[in-house]
Each structure stands twice: as structure tokens, then as C-alpha cells.
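> need the 3D shape of this:
(one chain, ligands or ions: 1)
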Amino acid sequence: MPSFDRVAVVGAGPAGAFLSRLLSDAGFEVEVFEVLPRLAVKPCGWATPYTIESFFKVPEDAVLCEVRGYRVYVEGRVEKEGWGRKYGYIIDKEKLLEHLLEGITLRRRGVDPARLEGYDLVVDARGHVAYSGVKARALQAIARGVSVGDGDSIEIFFESEFVGYSWVFPLGGSRVKVGVGGLAEFDVLRARLHSLLRVLGRPQVERVEGGLLASGGLVPQGSAPRVGEVLGAVMPLSGEGIRPGMLSSLALFRSLTTGSKFARELEKTGLPLNIRVQLAVLRRLKSLPPKGRAELFRSAPVEILECVTAGCVTSAFIVKAMARWLSSSRGSACQRAQSLKASCVMQPPGRRRSRGRKPPRRPEAPPRAPRGVRSRAPEGS
Ligand SMILES: Cc1cc2nc3c(=O)[nH]c(=O)nc-3n(C[C@H](O)[C@H](O)[C@H](O)COP(=O)(O)OP(=O)(O)OC[C@H]3O[C@@H](n4cnc5c(N)ncnc54)[C@H](O)[C@@H]3O)c2cc1C
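A predicted model of the protein is given here:
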């Protein structure tokens, strides 16, 4: 039986809020500390893959959009696409956090988890600010006057000049998040964001926001147990941190309530394996010149791409497929991929390709504006 009762969770992001919900529902007395005056202020694209449903049902009113298609562009051409099944969600993060924290005491102040007294257990969920590993950078604009497909698909632009990518995520109506992130300086990201906004027809920009994100993988525990981004529970290549952070909270909850080791519970979720796979690809991309990066990406089979980005790599099948792909493009990353033997509880996606909507024809030549991303006059103009 657990030897604690009063728990303090420092940080009310997805990881801290989810852990608080789990502990509170299990009968523990939980208090959450949050330094910012509002929830979900931290810049974030709010996208999450469908694999979140393997452990958490996203509340209906926190779903802004179900993602039912995607296109990935390399140098202006569509290189990968998928349609006709649920790939994920764009969520309303503030609503999601409100749901998770319902009925839980929230104290609006910043605290140091190492100095907090009066609790049996203090959990550090402070996000990237306290992460000690390598960090990537990201910038995004909230813009009006762009529509993506039927409003239920996302657009990704693989960047070859630096290791990273850009995105257009729908927010409903003609509002979108247009972002760019990766291992590059903010000046480089800013220039790329502006060029993407130009391609999208210069939509009306409400605001531009930016931030850092953990991209170096999991780091050993600090003085207090950690969950979420402070632990490095972020997919290093895709920058996805909501679902991984929540998964790390689930693992800590299971460890605290059953007495099993946190590392073991974490491994059982499949998260460490998936992070290692993305780290291997990231290292490979970093070692290549821009042309080589684009070629490596083009050569990636779509089912591997979908599985890696959805975080559902298992050692049984996908690692072999990855090793084949990486070895066909030469280099030592294939050996690293082959050495990833840990087991994973998640299953790869059942259906790979479209059965529903027919994808539009691929462009023959690099277009000025990406297909499927239509620019419109800003609302109310
Ligand atoms: C531009 C950008 C876009 C992104 N897009 C996506 C995306 O589309 N999908 C996705 O899955 N991930 C995305 N991410 C990553 C994702 O936002 C984070 O990985 C995720 O929010 C981490 O969750 P967390 O709970 O660990 O930390 P956070 O969400 O950072 O929450 C930590 C909380 O702790 C609070 N805090 C910090 N210090 C203290 C203190 N001393 N006392 C009290 N409170 C404190 C902070 O204010 C914050 O609210 C993006 C990141 C960036 C920068």
C-alpha cells in the first residue's frame, strides 16, 4: 500500500493535471501549483495523435477538430499523405486541463519542488523550464483567413535546411496555427514562418508565440519524481509532448500505487522505445546535408512515418522495417535502430492507407502555394 496521502504537483500542464486527476480519483489529497494566471498559456500546437485513446478518452467538448487527413510536403511537393481515417485531434488544451483539474485544489503560485514542505510527496511537472537536456525551438502564428482541406486535415512541411518541420493545424472556421520548429535559431525559424505565411496568402495574424521544447530524450530522475517535459517525455523528432507527458504520469501513478519501479512502468507504456527511435532518426538527420535529409525522408515508407509519428513503434515489426529503411540510406543509424529491443504495449495502427476520401492528385511541379491550403480573405474584412 502507498505510504503517502498528501501530494503536491508542481505545474498544471497536461502531465501534472493528468497525474493529479489519477491520484485524486484514487482517493489521495492533491494540491496543484501553477505559476501562470491562466491554464494552457504555454505555446503549443494542440495536436495529439489518435493513440492517446489507448489510455485516455479526450472529452468531446475539448476536441476542436478530428484530424482525418494529412499531407507532408518536401520542397513544395506532396511526398506523403493519408486520408479517410482518424489520425488524431486538435484539442482545446485549456478545456482539457480544466476537465482534468475539476474539483482539485489549484494554487496560483510558483514554487520550488525541492523546497515545498508539508506534503508526503511532491511531484515535479514544471515542463521544459526545468528540463536539463537538449532543447529545440518552435515559433507559431495564430492566423485567420486560411482553410486546410475540409477543415479536418493537417499540413506538414518537411524542412531540409535545418532539422525540423513546419505545420498548419486547423482551429475551426478559418483560424489556423501556422508553426515551425526544430534545431535552429529563432531568427531562422522566424524567416521560415514569414515565408510560409506569405505562401498561405498573408493571412491576418492574431499573434506570434514561441518557446523551447525538450528534444534530448528522457533524463534521469531529480530529487522529486518528475513527469512530462521536465522528465524529457517529448517525442524528440515530432515535438509531441501532450500524450507522452500524460503517459509518463500514468506510469508514475501505477508505480506509486503498486510499488513497482517507475522506470519499469514507463518502459511498459512503450514511450522510452518510441523516444529512442525518434532520437535515432534525429541523429541521422543531423548527420546529413540538406539534400540527404530530403532523400532520407522521401525514402521513408508511409506506414513507418505514421507509426513513428503516432508513437506506436513496437520492437517486433517496426524496428526491423526501420532498420531496413535506414540501412538502405546507408550509415550507422540502422545499427542503432536494430538495437532497440524493448517491448511496447501499444499496437501499430490497423489501417494504413485511405479507404474513404480520395486524395487529390499530386502536383507535378513545385507549386507556389501548397495544394489543399487555401487562402481566403480574413473574416470580417
Ligand atoms: C510552439 C510549440 C508547439 C507545440 N505543439 C505541440 C503539439 O501540437 N502537440 C503536442 O503534443 N505537443 C506540442 N508541443 C509540446 C507540448 O506543448 C509540451 O511538451 C507539453 O505541454 C508538456 O506538458 P507538461 O505538462 O510536461 O509541461 P507544460 O505544459 O509546460 O506545463 C508545465 C506547467 O508548469 C508551470 N510551472 C513551471 N514552473 C513552475 C513553478 N516553479 N511553480 C509552479 N508552476 C510552474 C508552467 O507555467 C506550466 O503551466 C509544442 C511545444 C511548443 C513550444
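> is the residue nearest to the spatial centre of the chain part of a helix or strand, or is it coil?
Central residue of the chain (Cα atoms, centre = their mean): Glu240, 1.1 Å from the mean position. Assigned with DSSP: H, G, I helix; E, B strand; the rest coil, Glu240 falls in the coil class.
> which non-adjacent residue is nearest whichever residue of the stretch 251-381 of the chain sits closest to the ligand?
Using Cβ to the nearest ligand atom, the single residue of the stretch 251-381 of the chain nearest to the ligand is Gly311, 9.8 Å away. Just so you know, the C-beta spots here come from the backbone N, C-alpha and C atoms, and that holds for glycine as well. Excluding the flanking residues, the one nearest Gly311 by Cβ to Cβ, 6 or more residues apart in numbering is Asn274, at 4.6 Å.
> tell me the SS of the one you found?
From three-state DSSP, the assignment for Asn274 is helix.
> now for it, how many residues are close by?
31 (other Cβ atoms under 10 Å).
> tell me the contacts of it?
Contact analysis of Asn274 by Cβ atoms under 8 Å, 6 or more residues apart in numbering lists 235, 244, 308, 311-313, 344.
> I'd like the distance between it and Thr314.
Asn274 sits 9 Å away from Thr314, taking Cβ to Cβ, to the nearest Å as the criterion.
> and the protein, which residues reach the ligand?
10-16, 33-36, 42-48, 110-111, 125-129, 138, 140, 179, 211, 213, 228-229, 234, 239-243, 245 (Cβ under 6 Å from any ligand atom).
> show only the entries of the residues you listed found in helices.
Counting by DSSP state H, the part of the residues of the chain next to the ligand found in helices is 14-16, 242-243, 245.
> which two in those are spaced the farthest apart?
The largest separation in these, counting by Cβ to Cβ, is between Gly16 and Arg243 at 14.7 Å.
> comparing those two, which shows the higher neighbour count?
Neighbour count, other Cβ under 10 Å: between Gly16 and Arg243, Gly16 has more, with 29 against 26.
> dump the residue contacts of the closest residue to the more buried one other than its chain neighbours.
Nearest non-adjacent residue to Gly16, counting by Cβ to Cβ, 6+ apart: Ala125, 3.1 Å away. For Ala125, the contact set (Cβ under 8 Å, 6+ apart) comprises 9-13, 15-16, 19, 226-228, 230, 245, 249.
> reformat the residues you listed as TSV; add pLDDT.
Shown next, in TSV, are those (pLDDT from 0 to 100):
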residue	pLDDT
Val9	98
Val10	98
Gly11	98
Ala12	98
Gly13	98
Ala15	98
Gly16	98
Leu19	98
Arg226	97
Val227	98
Gly228	98
Val230	97
Gly245	98
Ser249	98
